[in-house]
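Visitor: sequence and predicted structure, then a few things I'm wondering about:
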Amino acid sequence: MTQRQIEITSPTFIDAWKLPADQDIHQLFDQQQPLALEIGCGTGDFIVQRAAQQPDTNFLAIDIYNKGCYKSCRRIDKTDLANIRVMRMEARYLLSRFGRADMLSAIYINCPDPWPKKRHRDRRLVNTTFLTQMLYYLQPGGDLYFVTDVADYAEQVAELIPALPGYQNQLDTPFTLELEGYPLSKYMRRFLSQNLPVHFQHLKRREDFILPKEQLPVTEKGFRNRHNLDTPCHII
Ligand SMILES: C[S@@+](CC[C@H](N)C(=O)[O-])C[C@H]1O[C@@H](n2cnc3c(N)ncnc32)[C@H](O)[C@@H]1O
């Protein structure tokens with residue numbers, strides 16, 4: 001069954017499919033300031049809080065879910081925040097299309113699809129390929145936040161980090177169950193209200209680490225990214 005697509009007319013929404021492939025994302029904002037990316041913004045709860053906390057940063061919030069983008073835009077448009085844009089596009093596809101080296105001051109991944117079954121774990125977004133790619137798009141010293149309610153997803157990511165010398169853990173432990181000042185998303189609130197733990201990871205790209213473009217891994221086709229660069233993937 002195909003779901004009805006809601007037309008999004010909000011000025012906050014950018015139809016990424018209409019942008020030229022060499023679009024500079026910074027140019028989509030009124031103010032030229034550092035750019036952060038939220039992957040899987042859901043209904044926009046997190047991004048409105050983070051963008052209010054950090055008015056000197058621009059935020060690109062993306063999701064593959066049409067209704068989520070619609071609701072995010074509605075939420076943002078009720079505020080006077082001018083530092084957020086929303087796009088509907090798969091994260092790896094968006095970055096392979098518009099991504100440039102060092103373009104992001106921060107990346108936020110809050111409660112990504114958990115894929116709890118063992119046989120589905122290879123569908124998880126955050127893996128070695130993805131983390132290596134993010135080292136290319138993050139600026140030196142840029143932040144990567146990964147938050148999940150699924151303990152073995154947090155453990156899996158924590159186990160990958162020591163093998164990736166470009167990252168520096170910002171916590172005393174591989175992850176923590178509280179991160180002061182970090183806004184709660186809709187899913188985080190839901191889990192916490194059921195007394196379920198939420199695991200926070202905070203990494204930085206090391207200032208002296210450079211991932212040369214020739215070493216940028218190509219995304220393999222996968223569950224959420226059945227595209228190649230010539231085939232739009234917004235219906236997945
Ligand atoms: C479990 S929900 C969490 C939503 C929100 N981050 C929160 O914490 O409330 C995961 C969201 O990520 C989106 N998503 C999943 N895989 C994605 C991908 N590869 N690129 C962009 N968005 C994705 C889904 O459509 C969904 O809205």
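Guide: Nice, I can see it. Note that the structure is predicted; figures quoted are calculated from it, not measured.
Visitor: residues making contact with stretch 136-146?
Guide: Contacts of stretch 136-146 from elsewhere in the structure, counted by C-beta atoms under 8 Å, 6 or more residues apart in numbering, are 34, 37, 95, 99-110, 126, 131, 134, 154, 157, 167, 170, 179, 182, 200-209, 211, 213, 216. Placement of C-beta: from N, CA and C, glycine included.
Visitor: any idea which element A61 lies in?
Guide: Assigned by DSSP states H and E, A61 belongs to strand 58-63.
Visitor: packing partners of that strand?
Guide: strand 35-39, helix 45-53, helix 66-77, strand 84-88 (3 or more C-beta pairs under 8 Å, 6 or more residues apart in numbering; DSSP states H and E).
Visitor: switch the ones you listed over to CSV; also include distance to the ligand.
Guide: As requested, those are arranged in CSV below (distance: least, C-beta to the nearest ligand atom, whole Å):
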stretch, distance to the ligand
strand 35-39, 5
helix 45-53, 6
helix 66-77, 5
strand 84-88, 9
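Visitor: next, the contact list for the nearest residue to I8 once chain neighbours are set aside, please.
Guide: The spatial neighbour of I8 that comes closest, neighbours along the chain excluded (C-beta to C-beta, 6 or more residues apart in numbering), is Y70 at 5.1 Å. For Y70, the contacting residues are I6, I8, S10, taking C-beta under 8 Å, 6+ apart as the criterion.
Visitor: from the contacts of stretch 136-146, which would you call buried?
Guide: 34, 37, 95, 99, 103-110, 126, 131, 134, 154, 157, 167, 179, 182, 200-205, 209, 211, 216 (16 or more other C-beta atoms under 10 Å).
Visitor: tell me which of those fall in strands.
Guide: Under the assignment DSSP state E, those contribute 37, 104-110, 167, 200-205 to strands.
Visitor: pull up the per-residue confidence for the spatially most central residue of the chain.
Guide: Central residue of the chain (C-alpha atoms, centre = their mean): I39, 2.1 Å from the mean position. The predicted local distance difference test score for I39 is 98.
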